[in-house]
Structures are given as C-alpha cells and as structure tokens.
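Colleague: Need the 3D shape of this:
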Amino acid sequence: MKPLRVVLFVMLAAVPVLAHHGGSGYEEKTESFVGTVKQFQFTNPHSWIQVDVTDPTGKVTEWSFEWGSPNSLARDGVHPSTFPAGAKATFHVHLAKSGVKAGLFEGAKFEDGTIVGKWDN
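Modeller: Model prediction:
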C-alpha cells in the first residue's frame, strides 16, 4: 500500500507545475514589432528577449518577450548567440493582457531572412 501512496503524492505534486505553463496572461492573437535586440537572457526558468522598439515619433521603448527554458530551446537549436545584441528583426508576440511592455514570443524574422520560432507570413 505504501508504494501507491508515493505514486499518488508524486502525481498530485506535479499538477501545480503543469498549471504554471498556461498562457492566460497573454492575448490570443499575435502582434508584430520591428526592433533591435538589446539582450537575450538565456536563463531558467524562462528565457527573455529584450528588444528596443522605435515608434513612429522616434521614441525608443524597451519590450520584454518571454520564451521557453534554455533546455527546451537548445533542443530546438536555439542558443545564446541566436539573438545577438544589435540585430534587427521583426518579432511576432502575444501581448501581455496587463498592458505592460511585454509579450510571449512566437517567432522572429531577421533582416537577412533567418527565421527563429514560428512564422506564418
């Protein structure tokens, strides 16, 4: 009977971990931004891409785009050098519902045509 208790405990303990990975804090549709990579934070538990975006008036605003863990990204061929500082790209993201300058990264297309992540157009 004791092994059954251990299995049940492990299964119940895993539920909060799975719930953590929801995307409810982000909009469903994607928005596009043209910007310059400021920094790629290839860190646990989630990586972040810091991007400087210039609006039509010339004002530069820093945006933060959340992505996956370094472990899962590395398995897909993404490394710290994938987003070098100073690189210009168009980014597709799901905006944060809270209105902060942040989003959930979907994909990017660099000036040389290189695509990282998902890209539909």
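
Colleague: Skipping its backbone neighbours, what lies nearest Lys101 in space?
Modeller: Trp63 (4.8 Å; C-beta to C-beta, 6 or more residues apart in numbering). Every residue, glycine included, has its C-beta placed from N, CA and C.

Colleague: Name all residues that make contact with the one you found.
Modeller: The contact partners of Trp63, by C-beta atoms under 8 Å, 6 or more residues apart in numbering, come to Phe33, Gly35, Gln50, Val51, Asp52, Val53, Val93, Lys101, Ala102, Gly103.

Colleague: which residues pair with it across the strands?
Modeller: Under DSSP bridges, the beta-bridge partners of Trp63 are Val51.

Colleague: show me where the chain has strands.
Modeller: Secondary structure of the chain (DSSP state E): strands at 26-41, 48-54, 60-66, 88-96, 102-110, 115-117.

Colleague: Between those, which one is closest to His79.
Modeller: In terms of C-beta to C-beta, the element of the strands of the chain nearest to His79 is strand 26-41, at 9.3 Å.

Colleague: Okay, angle between that closest one and strand 60-66 too, please.
Modeller: Counting by axes from the mean of the first three to the mean of the last three C-alpha atoms, to 10 degrees, strand 26-41 lies at 100 degrees to strand 60-66.

Colleague: Could I get the pLDDT score of Ser24?
Modeller: At Ser24, the model reports a pLDDT of 77.

Colleague: residue contacts, it?
Modeller: Applying C-beta under 8 Å, 6+ apart to Ser24 gives the contacts Lys97.
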